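[1] This is a predicted model, with the sequence first.
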Amino acid sequence: QVQLVESGGGSVQPGGSLRLSCAAFGETVNKYALGWFRQAPGKEREFVAAISWSGGSTYIGNPAKDRFTLFRDTVKNTMYLEMNSLRPEDTAIYYCAASEYLDLDQRTYDYWGQGTQVTVSS
């Protein structure tokens, strides 16, 4: 069993930055890859980025390329998403999820957090 708790969401102006955190709890948490997904109002949930259990491998989705940085602290069992140059279209609920596989497909993720709201608006 893995529990995930996201934090760091909020409201920022276009061009601003936010750092999201995902704290993972559970005896086997370090065996799981962690990923970020987001869901904007009226849209399907989409892949943002994922990182392996060791932090050595990452997948970066189109929404994150060139603007977001993903990293993982295996001692603290926490994953971070550093988001820069934020745009209004980044507005969404951001979810952390855990999977046995480093994957872009949300269907492989077994555990999900409650989500954290990110709003980008002037």
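    Happy to help now that I have it.
[2] and residue 55, how many neighbours?
    Counted with other C-beta atoms under 10 Å, the neighbours of residue 55 add up to 15. C-beta: built from backbone N, CA, C; applies to glycine.
[3] Which secondary structure state is assigned to the nearest residue to it once chain neighbours are set aside?
    Leaving aside its chain neighbours, residue 55 sits nearest to residue 72 (4.0 Å; criterion: C-beta to C-beta, 6 or more residues apart in numbering). When classified by DSSP: H, G, I helix; E, B strand; the rest coil, residue 72 comes out as strand.
[4] how much space between residue 72 and residue 88?
    The gap separating residue 72 from residue 88 is 28 Å, by C-beta to C-beta, to the nearest Å.
[5] Tell me which of those two has more neighbours.
    residue 72 (22 against 11).
[6] what's across from the more buried one in the sheet?
    Residue 72 has the following beta-bridge partners by DSSP bridges: residue 79.
[7] Start the count at 28 instead of 1 going forward.
    OK, 28 is where the count begins now, so the last one is residue 99.
[8] Which parts of this protein are strands?
    Under the criterion DSSP state E, the chain contains strands at 30-34, 37-39, 45-52, 60-66, 73-78, 85-87, 95-100, 105-110, 119-126, 136-139, 143-147.
[9] So for the fifth one, mean pLDDT?
    Averaged across strand 73-78, the pLDDT comes to 97.
[10] hang on, residue 127 packs against residue 56?
    No. Counting by C-beta atoms under 8 Å, residue 127 does not reach residue 56; the two are 11.7 Å apart.
[11] In terms of neighbours, single out the busier of these two.
    Neighbours per residue (other C-beta under 10 Å) separate residue 127 from residue 56, with residue 56 holding more: 19 against 13.
[12] residues in contact with the more buried one?
    The neighbours of residue 56, taking C-beta atoms under 8 Å, 6 or more residues apart in numbering as the test, are 29, 104, 125.
[13] Just list whatever residues bridge to the last one.
    When you say that, I think you mean residue 125. Where residue 125 sits in a bridge, its partners, by DSSP bridges, are residue 61, residue 138.
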